[in-house]
Each structure stands twice: as C-alpha cells, then as structure tokens.
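1. this one's sequence-less:
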C-alpha cells in the first residue's frame with residue numbers, strides 16, 4: 001500500500017508554516033517533506049515533528065539565487081565554498097529531523113565534462 005508524505009511547502013498554505021505540521025497529522029499523514037525549511041530554526045521544526053508524531057522524510061539544500069544567479073553551485077567554478085556552507089546548514093536540519101535530503105544540481109557549466117559515468121559498484 002502506498003504511503004504518502006504531506007509536502008508542507010505546498011499543502012495547508014492558509015496556515016503559518018509551523019502550524020502545518022499539526023494540520024498534516026490531523027489529515028492522517030505520518031510523514032512530511034519541506035522544500036526549504038530554513039526560515040525557522042531546526043529546533044522549532046523538530047519540536048513540531050515530535051509533538052505531532054511525524055517523520056520528516058525529505059528536505060532540500062538551500063536553493064541558489066533564482067533571480068538572476070546561477071541555477072546551482074555544487075559543481076560550478078567558485079561555487080564550492082557556498083555549497084559547503086549550505087550543505088552544512090542542511091546537515092544541521094537533517095541530523096535533527098530529516099531522513100533524506102536532496103540537492104539542487106546546477107546546469108552543466110560550459111567547458112566542464114566527464115569522460116565516464118561514475119560507477120556506484
């Protein structure tokens with residue numbers, strides 16, 4: 001049987017963010033996901049998860065600047081420091097609350113290429 005997580009970025013938008021956890025639990029969800037939870041302290045998010053018996057199953061790393069900046073920075077020249085900072089921030093949230101994280105991948109910068117796919121074996 002499928003199990004669904006409430007995406008609190010998209011659902012219950014009539015409520016303030018921290019009140020959406022209770023709404024998700026009352027709607028029967030056991031898990032939630034949030035695209036970018038970074039406007040609230042990880043401790044507050046964790047408190048809402050615990051109080052409502054929920055599991056955080058996905059958060060994303062902070063987004064790049066979509067208003068004219070590059071669409072990602074993990075693999076872009078001069079973007080490694082920013083990526084490391086934001087990834088550490090994501091890990092703070094994940095250690096407290098999340099089971100899975102997701103990264104925003106950049107467009108392939110011009111001039112960069114990989115000769116062979118990376119093997120996961």
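-> It's in. No experiment lies behind these values; they were computed from the predicted model shown.

2. In the lengthiest strand in the chain, which of the residues would be classed as buried?
-> Ranked by number of residues, the top strand in the chain under DSSP state E is strand 55-60. Of the residues in strand 55-60, 56, 57, 58, 59, 60 count as buried by neighbour count, 16 or more other C-beta atoms under 10 Å. C-beta coordinates here come from the backbone N, C-alpha and C atoms, glycine included.

3. Return the member of these nearest to residue 25.
-> Residue 25 has its nearest neighbour among the buried residues of strand 55-60 in residue 56, at 12.6 Å by C-beta to C-beta.

4. wait, doesn't the closest one sit right on residue 42?
-> No: assessed by C-beta atoms under 8 Å, residue 56 is found out of contact with residue 42, at 10.2 Å.

5. for this structure, what spans make up the helices?
-> Here the chain has its helices, by DSSP state H, at 20-26, 42-51, 80-96.

6. Can you tell me which of these is most buried?
-> A comparison of the helices of the chain by mean neighbour count, using mean count of other C-beta atoms under 10 Å, puts helix 20-26 on top with a mean of 19.
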